[in-house]
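Visitor: A structural model of the following input is requested.
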Amino acid sequence: MVAEACARSGRSPEAVRLVGVTKTVGPSAVPALLEAGVREFGENRWQHARELLEAPGAGDAVWHFIGHLQSNKAKYVVRHFDWIHSVDSLALAQEISRQAIRYGRTVQVLIQVNVSGEETKSGIPPEEAIPLLRETASLPGLALRGLMTMAPKTEDPERVRPVFARLRELLAEARHELGDPGLTELSMGMSDDFPIAVEEGATLIRVGRLLMGT
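Guide: Okay, the predicted model is just below:
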């Protein structure tokens, strides 16, 4: 499905990376997923993630934290995760920076944007994305890589296309205004809508149910 979506939009499948969302499975699934070729894992809760991080082979995977992150949990997440998709405030970015320095790490960071404007979604409004990117650009221990969003749930995936298109446009604006060629990543699209996200430029898709089952 990824290859087909890439073909429709004139993209190479190699430009899209699949993050397997493991929030519904136990530690025994980690070696099986690695055997199946999954190399990047996404978790949205530290309490669940720490069990999976002890599974055989977990150290061979790239770990993405994709859920809402409280500042008091940053010290745990920074130690174990390579990517954090859900930075939504300067205060959180500063805490991640402090912990990254503490543990001698560089964390790949995405700013979460609430493009849809839903009150139940985390993330900052689109108009605040570039200012936050600018404020966090010089923080040590952080490598700003791009933007993330969550689309509304709908039975018609085409209805979320404008959300993904807006995030793509916003990333292009940010790259131009900040002059930062390293802003290349768009984390968007899940099990129900990732083909649309890929067509609109997603570089990271977060797939759980289709990959793990229910």
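Visitor: CA atoms for contacts and neighbours, from now on please.
Guide: Noted.
Visitor: let me know whether residue 63 touches residue 82 as I believe.
Guide: Yes. Checked against Cα atoms under 8 Å, the pair residue 63 and residue 82 is within contact range at 5.4 Å.
Visitor: show me which of the two is the more surrounded one.
Guide: When residue 63 and residue 82 are compared on other Cα atoms under 10 Å, the one with more neighbours turns out to be residue 63, at 24 against 18.
Visitor: the one residue sitting closest to the centre of the chain in helix, strand or coil?
Guide: To find the centre residue of the chain, average its C-alpha atoms and take the closest one (Cα atoms, centre = their mean): that gives residue 85, at 3.7 Å. Put simply, residue 85 is strand when judged by DSSP: H, G, I helix; E, B strand; the rest coil.
Visitor: the helix or strand hosting residue 48: how far from the chain's middle?
Guide: The secondary structure element spanning residue 48 is helix 46-52 (assigned by DSSP states H and E). A distance of 17 Å separates the centroid of the chain from that of helix 46-52, by Cα atoms, centre = their mean, to the nearest Å.
Visitor: also stretch 6-14?
Guide: Taking Cα atoms, centre = their mean, one finds the center of stretch 6-14 at 20 Å from the center of the full chain.
Visitor: show me what counts as buried in that stretch.
Guide: Burial within stretch 6-14, assessed by neighbour count using 16 or more other Cα atoms under 10 Å, is assigned to 6, 11.
Visitor: can you list phi and psi of residue 110 for me?
Guide: phi -120, psi 140 (degrees, to the nearest 10).
Visitor: now what about the helix or strand containing residue 146, what contacts it?
Guide: When secondary structure is defined by DSSP H and E, residue 146 falls within strand 142-148. Applying Cα atoms under 8 Å, 6 or more residues apart in numbering, the set of residues contacting strand 142-148 from outside is 85-86, 96-97, 100, 106-113, 133, 136-137, 167, 171, 182-188.
Visitor: listing partners with orientation, what would you give for it?
Guide: strand 107-112 (parallel), strand 185-187 (parallel) (DSSP bridges).
Visitor: which strands or helices does the next helix or strand after the last one pack on?
Guide: Where DSSP H and E defines the elements, the next helix or strand beyond strand 185-187 is helix 194-199. Here helix 194-199 is seen to pack against helix 2-9, helix 161-178, strand 204-207 when contacts are counted using 3 or more Cα pairs under 8 Å, 6 or more residues apart in numbering; DSSP states H and E.
Visitor: turn those into JSON lines, columns for distance to residue 117.
Guide: As requested, the helices and strands packed on helix 194-199 are arranged in JSON lines below (distance: least, Cα to Cα, whole Å):
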{"stretch": "helix 2-9", "distance to residue 117": "26"}
{"stretch": "helix 161-178", "distance to residue 117": "10"}
{"stretch": "strand 204-207", "distance to residue 117": "20"}
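Visitor: for residue 128, which of these is the nearest?
Guide: Residue 128 sits nearest to helix 161-178 of all the helices and strands packed on helix 194-199, at 10.6 Å, using Cα to Cα.
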